[in-house]
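>>> sequence first, then the predicted structure:
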Amino acid sequence: MPSPVAERPVGRIPVSLLTGFLGAGKTTLLKQLMKDPAMAGSVLLINEFGEVGIDHHLVDRLDEHTLLLDSGCICCSVQGDLVRALRELHQRFSRREIPALSRVLIETTGLADPVPLVGTLMEERFVAARYLCDGVLTVVDAEHGLDQLGRYREAVRQVAMADRLLIGKGDLCDAATRTRLEAKLAALNPTALRLEVRHGKVPADRLFGGGIYAAAGKSPDVARWLMDERGRYRPLAAPAGLAHGAAVQRRLHVERHGDGVSSFVVRFEAPVPWPGFAVSLGRILAAHGQRLLRVKGLMAVAGDPQPHVIQCVQDAAYPPVRLPAWPADGAFADRCGRLVFIARDLEPAAVESIREALTDLPGTAAAMRMAAARPLLPTRCWLGRHMPVGSERDIELDAWFVRPKRFAKRPVIGTCD
Ligand SMILES: Nc1nc2c(ncn2[C@@H]2O[C@H](COP(=O)(O)OP(=O)(O)OP(=O)(O)O)[C@@H](O)[C@H]2O)c(=O)[nH]1
């Protein structure tokens, strides 16, 4: 019997929102999910915060069924971008330019407020007649989730609106933190099905088919938020000039997220020496981690033709992986490394010092001395002060670990499968 996910829907096309705070593990889940045969015929819409998109390079299925919503924050431009994308998708489907759609899956930015997205799916005339919102899937970072729920309104709404709470990074979280997280999730959303996700692995048939999205059964806040949302976007629907539209979007963005969130990109003209880069990034995370919500990018590393994917959340750096090749188009076609930073309340002087630290990377010997002085950097470059390295040939790289070869036990940086 075919899985319910693969069945051709009668009438409206089901749409699911995949949300979760910055770095929670949405793309990791998407990457796994897209390998599931049950997802055949589904279309992905990927939205990212920040000028340079990374996520779509990490999901293998990059074809006409993966669309980028790359003009900023999806929840603040929902009437424009999302509606336009769904409209075009449906028109292409109606003209038989693309095969039947079994489902649309929208990966939101980590800062997205799901309320306007769900509101639009349920109420925008064109969309609601052709699509149905059948689920909000929220990935929760077991390592940082509690802190994020305490500090960010967006994280609270993502959890409260969920039909499924997908708890990832359980391997990085101690038992006491996990117990407190579970209690917080139960208070915010007692009815959502909670599923454990290990490195993005969860069966597709546990995620979908929950029926039409409804506020009933969720916290009373959910119905109130959806009600408040009604009419909020009317100014955008009015025949307004582009400048006016952008101003309204900017106002909505500040209303939703405050004006302290910023994003900037650091571009690298040449491949970086890994030890100097790892130590410098580790020092940046240690100094600014609380205000750095997310750092991610692709890096060109000296001596390696493959791009390295860099992933950090607050002051945690995750093991880098290699992509098989540089993207052939888009911003990374020039094969220059770029890091996208998303920060909250990071003053301009701090941004400048981050840029400087990454522009002026230390040589390998200096990096080793710096690492020896700070052995607990988030990028754990390790080298005993009394174990001098003769030459770069003596150094082994193992993810963020940089050490003399004679101490290396495990293989070097992994690849993105
Ligand atoms: N140890 C561990 N790491 C994980 C797990 N899930 C995700 N990660 C890592 O967390 C980092 C961020 O994951 P992403 O999937 O990129 O997070 P995201 O939610 O898509 O990030 P944004 O789109 O920037 O909001 C990556 O380095 C992942 O490999 C997990 O279950 N365990």
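Cool, got the structure. Numbers count the residues shown, from 1 in each chain.
>>> list the contacts of the closest residue to residue 366 other than its chain neighbours.
Using CB to CB, 6 or more residues apart in numbering and skipping the chain neighbours, the partner closest in space to residue 366 is residue 276 (7.3 Å). For glycine as for every other residue, the C-beta is placed from the backbone atoms N, C-alpha and C. Shown in contact with residue 276 (CB atoms under 8 Å, 6 or more residues apart in numbering): 361-364, 366-367.
>>> the ligand contacts on this structure?
For the chain, the contact set with the ligand under CB under 6 Å from any ligand atom comprises 20, 22-28, 55, 110, 168-169, 171-172, 198-200, 294, 296, 311, 318.
>>> quickly list the domain ranges of the protein.
Taking automatic domain parsing as the criterion, the chain consists of the domains 13-237, 261-415.
>>> how much space separates residue 114 from residue 336?
34 Å (CB to CB, to the nearest Å).
>>> so between these two, which is more surrounded?
The neighbour count for residue 114 versus residue 336, taken as other CB atoms under 10 Å, is higher for residue 114 (26 against 16).
>>> so that one sits against residue 156, correct?
No: counting by CB atoms under 8 Å, residue 156 is not a contact partner of residue 114; they are 10.8 Å apart.
>>> about what we covered before: give me the subset of the residues of the chain next to the ligand that lies in strands.
20, 168, 294, 296, 311, 318 (DSSP state E).
>>> what's the nearest residue in the stretch 101-250 of the chain when you look at the ligand?
residue 110 (2.9 Å; CB to the nearest ligand atom).
>>> excluding covalently adjacent residues, which one is nearest to that residue?
Per CB to CB, 6+ apart, closest to residue 110 is residue 22, 3.1 Å.
>>> now residue 42
residue 103 (4.2 Å).
>>> now do the contacts for the one you found.
Residue 103 touches 5, 9, 13-16, 39, 41-43, 208, counting by CB under 8 Å, 6+ apart.
>>> secondary structure element holding residue 366?
Assessed by DSSP states H and E, residue 366 sits inside helix 364-373.
>>> so which bits of that helix are buried?
Residues of helix 364-373 classed as buried: 364, 367-368, 370-372 (neighbour count, 16 or more other CB atoms under 10 Å).
>>> closest to the ligand among those?
Checking the buried residues of helix 364-373 against the ligand with CB to the nearest ligand atom, the nearest one is residue 371 at 21.3 Å.
>>> can I assume the closest one is in contact with residue 377?
Yes: Residue 371 is within contact range of residue 377, at 6.6 Å (criterion: CB under 8 Å).
>>> which neighbours do these two have in common?
279, 282.
>>> re earlier: got TSV for the contacts of residue 276, with pLDDT too?
Below are the contacts of residue 276 laid out as TSV (pLDDT from 0 to 100):
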residue	pLDDT
361	95
362	92
363	89
364	84
366	87
367	86
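>>> now do stretch 185-196: distance from first to last residue.
Here the two ends of stretch 185-196 are set 13 Å apart, with distance taken as CA to CA, to the nearest Å.
>>> contacts for it, please.
138, 140, 149, 156, 159-167, 170, 182, 202, 206-207, 217-219.
>>> repeat that with 6 Å
With contact meaning CB atoms under 6 Å, 6 or more residues apart in numbering, stretch 185-196 is reached by 159-160, 162-167, 170, 202, 206, 217.
>>> among those, which two are most distant?
170 and 217 (25.7 Å; CB to CB).
>>> the two: which has the busier surroundings?
Applying other CB under 10 Å to residue 170 and residue 217 shows that residue 170 carries more neighbours, namely 15 against 11.
>>> can you give me the helices for the stretch 51-200 of the chain?
55-58, 81-94, 114-123, 125-130, 145-151, 153-160, 175-188 (DSSP state H, counting those that start in this stretch).
>>> can you flag the weakest of the ones you listed by average pLDDT?
Mean pLDDT is lowest for helix 55-58 among the helices of the stretch 51-200 of the chain, at a mean of 64.
>>> which residues does the residue nearest to residue 202 when sequence neighbours are not counted bridge with?
Spatial nearest neighbour of residue 202, chain neighbours left out: residue 195 (5.7 Å); criterion: CB to CB, 6+ apart. For residue 195, the beta-bridge partners under DSSP bridges are residue 166.
>>> many thanks, have a good one.
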